[in-house]
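> What follows is a predicted structure for the sequence shown.
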Amino acid sequence: MVVTLEDKLKALAPERRERIERAAEQLHEEYCTLRNLRMAKKQTQGEIAKKLGVRQASIAKLEKRSDVMLSTLRNYIEAMGGKLELLVEFPDSKPITITKLGDTEELSRQKGEAA
């Protein structure tokens, strides 16, 4: 019989389960910034900047921003050796991973027509 994590958590005393959930949330929040993610990967702003062909100051500014273009974020994550996936969740369905934004073939065709 398979025992899931959710089954294990349900079996715990409510106080213990709450402590575990708070600790998990705190750990998650620690990695929710680009700076902390980079630091967890033991990389410097200078190393990321070099891989992206920008100045270190640009990386410092990027890490402080609250609104970043997805392409910029993707480049940043890939410079650390990672892969960015965009997950969409709706209450009434399973999560969906978006692998492409827009129709790049259509965009290329439109650029060619405009030239």
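Arrived safely.

> and the residue nearest the centre of the chain, which of the three is it?
With distances taken as Cα atoms, centre = their mean, Leu84 lies nearest the centre of the chain, 5.9 Å away. The three-state label given to Leu84 by DSSP: H, G, I helix; E, B strand; the rest coil is coil.

> my guess is it meets Leu73, correct?
Yes. Counting by Cβ atoms under 8 Å, Leu84 does reach Leu73; the two are 6.1 Å apart. Where C-beta positions appear, they are placed from N, C-alpha and C, glycine not excepted.

> how near is Ser93 to Thr4?
Ser93 sits 21 Å away from Thr4, going by Cβ to Cβ, to the nearest Å.

> Sketch out the low-pLDDT regions of the protein for me.
Counting by pLDDT under 70, the chain shows low-confidence ranges at 28-31, 102-115.

> try 80 this time
1, 25-32, 99-115 (pLDDT under 80).
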